[in-house]
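[1] give me a model of this one.
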Amino acid sequence: MKLFSETMPFYRANFHCHTTCSDGRKPLSEAMQIYRDAGYDILAITDHKKLTVPEHVPDGLLWMPGIELDYNRAGIVTHLVGLGMDPAIEQAWDRSGTPQDGIDLIVRMGGAAILAHPAWSLNTPAQINALHGLSAVEIWNTVSALPHNADRGDSSSLLDAAWATGGQLLPVVASDDTHFYDTDAAFASTMLQAESLSVESVLDALRLGRFYATQGPEIRQIELIENRELIVHCSPADTVIFYSNTPSVKERVRFGRGITESVYTIHPTDRFVRVEIQDATGRKAWSSPVSVGEAGNV
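    This next block holds a predicted model:
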């Protein structure tokens with residue numbers, strides 16, 4: 001089974017971005033042009049508590065309607081990115097509700113819900129596993145790392161713990177969560193295979209999991225061979241790591257120069273496997289977790 005189509009194009013997306021309409025430092029028109037000039041095909045403007053609508057979209061860029069719903073409770077912070085919803089969500093959102101209410105509202109209004117920066121939010125595996133109806137989770141969030149925050153941009157270990165304890169195997173995205181437009185702009189991408197460059201096609205691709213998260217390296221194909229092997233094809237990498245819920249497995253790490261293919265033999269206790277690659281500059285790409293083996297099919 002191949003996870004990606006061999007004929008469908010990949011589009012480059014940033015699904016989390018703020019403007020001066022909330023707490024970002026660039027106006028909407030300038031933010032959109034920055035991402036278009038950087039080669040992005042899709043940009044979601046996700047101002048806090050507000051669905052910001054542009055008057056003009058640069059040629060070649062798809063604007064995704066977006067919003068960030070913040071739930072800041074004593075000891076528990078949960079932020080949700082909503083994509084592709086009816087603009088009426090702004091008035092329909094009950095700020096006194098729960099994160100699950102927010103997910104349900106996003107879905108009810110035709111959108112896709114993404115859990116934002118769980119490591120930055122200090123979410124626990126139990127908190128993540130209690131949420132239902134999410135289309136994805138941010139495995140990387142640029143502004144949640146140095147120099148703008150403590151170094152909590154990478155949520156991969158937290159998500160491994162959630163998935164290892166029975167949580168839904170959520171697909172992963174990488175987002176900038178752009179606020180400052182310096183080191184947090186045009187760094188992360190979600191590479192997504194869609195039928196066309198349209199809101200409807202992007203939402204379909206999100207719901208089907210046809211994407212991967214990256215800071216630059218490419219994951220070109222992932223093949224699952226009869227639940228025995230997982231093969232990754234990628235742009236030249238120096239490190240390839242296969243993560244799973246089984247703590248100790250031999251030969252899960254590959255080191256070298258210019259690695260473009262690597263194979264992992266699935267362990268009998270594996271419930272999921274995900275792939276992380278790192279290139280010569282230290283930039284990473286992450287696959288979504290793949291359900292594997294007898295443990296994954298329970």
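[2] which parts of the stretch 1-150 of the chain are helices?
    Using DSSP state H, counting those that start in this stretch, the helices of the stretch 1-150 of the chain run over 28-37, 89-92, 99-108, 125-129.
[3] okay, those in JSON lines with distance to Arg207 next?
    (C-beta placed from N, C-alpha, C; glycine too.) Shown next, in JSON lines, are those (distance: least, C-beta to C-beta, whole Å):
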{"stretch": "helix 28-37", "distance to Arg207": "23"}
{"stretch": "helix 89-92", "distance to Arg207": "18"}
{"stretch": "helix 99-108", "distance to Arg207": "10"}
{"stretch": "helix 125-129", "distance to Arg207": "19"}
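[4] which among the ones you listed is found nearest to Leu80?
    In terms of C-beta to C-beta, the element of the helices of the stretch 1-150 of the chain nearest to Leu80 is helix 99-108, at 4.9 Å.
[5] could I have the closest one exported to CSV, CA atoms only?
    The C-alpha trace of helix 99-108 is given here as CSV (Å, rounded to 0.1, in the frame of the first residue of the first chain):
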residue,chain,number,x,y,z
PRO,A,99,-12.4,22.4,23.6
GLN,A,100,-14.6,19.5,22.5
ASP,A,101,-17.4,22.0,21.9
GLY,A,102,-15.0,24.0,19.7
ILE,A,103,-14.1,21.0,17.7
ASP,A,104,-17.7,20.1,17.2
LEU,A,105,-18.5,23.6,16.2
ILE,A,106,-15.7,23.7,13.6
VAL,A,107,-16.9,20.4,12.1
ARG,A,108,-20.6,21.4,12.2
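[6] would you mark the buried spots in it?
    The neighbour-count check on helix 99-108 (16 or more other C-beta atoms under 10 Å) flags Pro99, Gly102, Ile103, Leu105, Ile106, Val107 as buried.
[7] right, and Val199 touches Leu62 too?
    Yes: when contacts are counted by C-beta atoms under 8 Å, Val199 is listed as touching Leu62 (7.1 Å).
[8] poorly predicted segments of the protein, please.
    Scanning the chain for pLDDT under 70 picks out 294-298.
[9] in it, spot the strand with the most residues.
    Counting residues, the longest strand found in the chain (DSSP state E) is strand 229-244.
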